[in-house]
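Student: heads up, no residue letters with this:
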């Protein structure tokens, strides 16, 4: 990984030096804070152990009262360094067993810095008290052992540093790395930047040895689909589609690859393939968040195909809104359906809600969503006799079209704008 594209499909280099609009996660990939907080409840146990350790150190006389503040300050300064060491442990041991690390990210929140080391992307966020990495495993012998050792690398690095720091008397550093090791070795599920309700390192260390061959292929397909997502973020749409199709060739049941490929087909205007992919996904047991996205995208396909499918679009988008009433894409598609039904005032109010939910996140993944919604909003404004505002909406959509991320049918609607808006060429 990554393998080269066939001849004739090399219009853009792999993983360009900078993304077009800055990397950002889509709504279905970013769990809400409450969901992340519920998943991180097991952290209360290690933090309680930290407080008990500090109290015991005072009682036993291991640490002088005057030095306790220094050790606690060292602890909080050592936490980000311990997180970096943890991710380097995954990266280093994974490299020794043949894993290719696609992405290493430190922290959560706003992206502060992004760089590269070889083919690995490095990201630093504003709250550096957590981390994640995305390893990829190619074909080879002993796949479960290689995955297991790569997962072990992070906690092992923290355990080794904690032991060395304790022997040297650096109690703050020892406590920070011991806490990180405990958090990662106690099995629990949580939602991260990459996945929802996924096992932490401890859970993976317990489950990887029992992976079936199908689960090993699914894990490999996930890494290939993730690589496709990175290619998409950096503007390499052709390579992204190639990786999504590779992932499906490895594991046809991979849901992330089917969802991403369906989005790519929708952007290109290949509605028949997008519809088939989304309909298959809609008939499967999905998480609530993924089902909301799939139903909204399927309703958009029905809407763009038009005709008798408008009723199907209405039914699907209502299912999505029942799961998440404020999902931006679902609200926007509902508004677009109202435009088709001649209810422009209701549509404009819904568009305001949809764009309000998208405000503040200008990532490339949302560009085609904005472009499509701006086209439908322009149609609503034109039907209300407001050609100036309709033209402004279309110009904004045209900017997104030039970036190559708005779907083909929306681009066709923009191309025919003067005819149905009554504007001069």
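Tutor: Here it is on my side, so go on. Predicted model only: the values in this text are computed from it and were never measured. Numbers count the residues shown, from 1 in each chain.

Student: just the strands in the stretch 51-200 of the chain please.
Tutor: Secondary structure of the stretch 51-200 of the chain by DSSP state E, counting those that start in this stretch: the strands cover 99-117, 120-137, 189-190, 198-199.

Student: am I right that residue 102 is in contact with residue 226?
Tutor: Yes - assessed by Cβ atoms under 8 Å, residue 102 is found in contact with residue 226 at 6.2 Å. From N, CA and C alone the C-beta is placed, and that goes for glycine too.

Student: overlap in contacts of the two?
Tutor: 134, 136 (Cβ atoms under 8 Å, 6 or more residues apart in numbering).

Student: quick check: residue 120 touching residue 92?
Tutor: No - contact criterion Cβ under 8 Å: residue 120 and residue 92 do not qualify, at 11.7 Å.

Student: which residues touch residue 384?
Tutor: With contact taken as Cβ under 8 Å, 6+ apart, residue 384 is in contact with 344-345, 348.

Student: wait, which of those residues is closest to residue 111?
Tutor: Distances from residue 111 to those, taken as Cβ to Cβ, are shortest for residue 348 (33.1 Å).

Student: ok, now how distant is the residue lying closest to the closest one once chain neighbours are set aside from residue 311?
Tutor: Excluding the flanking residues, the one nearest residue 348 by Cβ to Cβ, 6 or more residues apart in numbering is residue 380, at 5.5 Å. Distance from residue 380 to residue 311, counting by Cβ to Cβ, to the nearest Å: 20 Å.

Student: the two - which one has more neighbours?
Tutor: residue 380 (26 against 11; other Cβ atoms under 10 Å).

Student: contacting residues around the closest residue to residue 87 other than its chain neighbours?
Tutor: Among residues not flanking residue 87 along the chain, residue 131 sits closest, at 4.6 Å (Cβ to Cβ, 6+ apart). Applying Cβ under 8 Å, 6+ apart, we find residue 131 in contact with 83-84, 86-87, 104-107.

Student: mind putting these into JSON lines with pLDDT and neighbour count?
Tutor: Below are the contacts of residue 131 laid out as JSON lines (pLDDT from 0 to 100; neighbours: other Cβ atoms under 10 Å):
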{"residue": "83", "pLDDT": "90", "neighbour count": "22"}
{"residue": "84", "pLDDT": "90", "neighbour count": "17"}
{"residue": "86", "pLDDT": "92", "neighbour count": "27"}
{"residue": "87", "pLDDT": "91", "neighbour count": "22"}
{"residue": "104", "pLDDT": "88", "neighbour count": "21"}
{"residue": "105", "pLDDT": "88", "neighbour count": "22"}
{"residue": "106", "pLDDT": "88", "neighbour count": "22"}
{"residue": "107", "pLDDT": "84", "neighbour count": "21"}
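
Student: what about residue 73, how many neighbours?
Tutor: Residue 73: 11 neighbours (other Cβ under 10 Å).

Student: pLDDT on stretch 305-317, on average?
Tutor: Averaging pLDDT along stretch 305-317 yields 85.

Student: which parts of the top helix by length along the chain are buried?
Tutor: Taking DSSP state H as the criterion, the chain has its longest helix at helix 65-96. Using 16 or more other Cβ atoms under 10 Å as the test for burial, helix 65-96 gives 68, 71-72, 74-75, 78-80, 82-95.

Student: mind listing what's buried along stretch 150-162?
Tutor: Result for stretch 150-162 [16+ other Cβ under 10 Å]: buried residues 150-159, 161-162.

Student: other residues contacting it?
Tutor: Contact with stretch 150-162 is made by 82, 85-94, 97, 99, 135, 137, 173-175, 177-178, 180-181, 184-185, 201-202, 204-205, 208, as judged by Cβ under 8 Å, 6+ apart.

Student: try it again at 6 Å.
Tutor: Stretch 150-162 has contacts (Cβ atoms under 6 Å, 6 or more residues apart in numbering) with 82, 85-86, 89-90, 93-94, 99, 135, 174, 177-178, 180-181, 184-185, 201, 204-205.

Student: now do stretch 102-120
Tutor: With Cβ under 6 Å, 6+ apart as the criterion, stretch 102-120 contacts 83, 87, 101, 121-128, 130-134, 136, 227.

Student: out of those residues, which are buried?
Tutor: 83, 87, 101, 121-125, 128, 130-134, 136, 227.

Student: closest to residue 240 out of the residues you listed?
Tutor: Nearest member of those to residue 240, counting by Cβ to Cβ, is residue 227, at 8.6 Å.

Student: surely the closest one meets residue 244?
Tutor: No - Residue 227 is beyond contact range of residue 244, at 9.4 Å (criterion: Cβ atoms under 6 Å).

Student: for residue 177, which non-adjacent residue is spatially closest?
Tutor: Among residues not flanking residue 177 along the chain, residue 162 sits closest, at 3.9 Å (Cβ to Cβ, 6+ apart).
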